[in-house]
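S.K.: Sequence plus predicted model, see below.
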Amino acid sequence: MQIDTGRDRPGTGRFGLISRLLLDALDSVRTSGRRPVLLDCGGGSGTYAVPLAVAGADVTVVDISADALATLSRRAAEAGIASSVHPVQGDVEALGDLIGGAEFDLVLAHGILEAVDDVAAGFAGIRAAVRPGGLMSILVGNPVAAVVARALAGEPVLALAELRELYTPEARIGPDAVEALCAGAGLVVEARHGIGVFSDLVPGSALDAPGARDALDELDAAASGRSPFAEIAGRVHLLARRPG
Ligand SMILES: C[S@@+](CC[C@H](N)C(=O)[O-])C[C@H]1O[C@@H](n2cnc3c(N)ncnc32)[C@H](O)[C@@H]1O
């Protein structure tokens, strides 16, 4: 499977890493005798849904944007898997109404928890769509990375403000809060990876040397599951299982 949103080369970089994690997740929820059914919440134009359908899944995509869903349908048709992708326009905060209580093998919540008004309620609605034994794949921005990025950009005042906000009730949703939501909802977090640990920090102009991009990909992948590197990644991917 290749997931390429432009900045990274196909199958490499941050999206290559997420692709591999999703393919492993798909394999781990396959059951014999039927195709895996997936739900992509806030799936937009199909960055993940289209390649997952190409990999054999039947994917329902819920998104509030009609434009994004139109792009999704076009991309699905171009990939020859239109019948495996089901766009549903609506608000994930009313997910139960949109999907009629259906349950899925794998439910993606990539970049959507930051977008909902009520994170706890949004999370609970998405979690309710995971079948027993199924997986939830969550990609969330990491507020810690914003502090590091501000400091490295020569903006210590803003970095300090970002750092202080981390320890207030107004703090943005981040990976630790997601882990707490998973625990509270009876989900077992099986994996946690930092995405773009170093590539989010390195300017593209610094990567002109031969082999530098490949080495950076390797560095990102090697650091993604290792502390303390993973804790400063710009985004964090979590896989959480609903006990069967
Ligand atoms: C940051 S993008 C993430 C897209 C994709 N999941 C990814 O990771 O590449 C957020 C997506 O969520 C959608 N969205 C935002 N708020 C939403 C809501 N309340 N209900 C459904 N979709 C929403 C947007 O239209 C957009 O497609």
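M.R.: Thanks, I have the structure now.
S.K.: Test my guess that residue 239 contacts residue 135.
M.R.: Yes - the pair residue 239 / residue 135 is scored as a contact, 5.8 Å apart, by C-beta atoms under 8 Å. C-beta coordinates here come from the backbone N, C-alpha and C atoms, glycine included.
S.K.: With just CA atoms, put the top strand by length along the chain into CSV.
M.R.: Longest strand of the chain, by residue count under DSSP state E: strand 130-141. Output in CSV follows, covering the C-alpha atoms of strand 130-141 (Å, rounded to 0.1, in the frame of the first residue of the first chain):
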residue,chain,number,x,y,z
VAL,A,130,-15.3,-0.7,17.0
ARG,A,131,-16.4,-4.3,17.1
PRO,A,132,-15.3,-6.5,20.0
GLY,A,133,-11.7,-7.6,19.1
GLY,A,134,-11.4,-4.8,16.6
LEU,A,135,-8.9,-1.9,16.5
MET,A,136,-9.1,1.9,16.6
SER,A,137,-6.3,3.7,14.8
ILE,A,138,-5.8,7.2,16.1
LEU,A,139,-3.5,9.9,14.7
VAL,A,140,-3.3,13.0,16.8
GLY,A,141,-1.2,16.1,16.9
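S.K.: Show the subsequent helix or strand relative to that strand.
M.R.: Next along the chain after strand 130-141, taking DSSP states H and E as the criterion, comes helix 143-152.
S.K.: starting at the chain centroid, how far to the longest helix along the chain?
M.R.: Criterion DSSP state H: the longest helix present in the chain is helix 13-29. For helix 13-29, the separation from the chain centroid amounts to 10 Å (computed by C-alpha atoms, centre = their mean, to the nearest Å).
S.K.: What are the structural domain limits within the protein?
M.R.: Here the domain assignment for the chain is 13-141+173-241, 144-172, based on automatic domain parsing.
S.K.: okay, these, which one's buried deepest?
M.R.: Of these, the one with the most neighbours on average (mean count of other C-beta atoms under 10 Å) is domain 13-141+173-241, at a mean of 18.
S.K.: So it, near the ligand or not?
M.R.: Yes - Domain 13-141+173-241 is in contact with the ligand by C-beta under 6 Å from any ligand atom, via 42-44, 47, 62-65, 68, 91-93, 110-112, 115-116, 139.
S.K.: Generate JSON lines for the domains of the chain, with mean pLDDT as supplementary columns.
M.R.: Putting those into JSON lines (pLDDT from 0 to 100) gives the following:
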{"stretch": "domain 13-141+173-241", "mean pLDDT": "95"}
{"stretch": "domain 144-172", "mean pLDDT": "94"}
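S.K.: ok, so what distance separates the closest residue in space to residue 139 that isn't next to it in sequence from residue 32?
M.R.: Closest residue in space to residue 139, ignoring its immediate chain neighbours: residue 110 at 3.8 Å, by C-beta to C-beta, 6 or more residues apart in numbering. According to C-beta to C-beta, to the nearest Å, residue 110 stands 28 Å off from residue 32.
S.K.: ditto for residue 51
M.R.: Applying C-beta to C-beta to residue 51 and residue 32 gives a distance of 23 Å.
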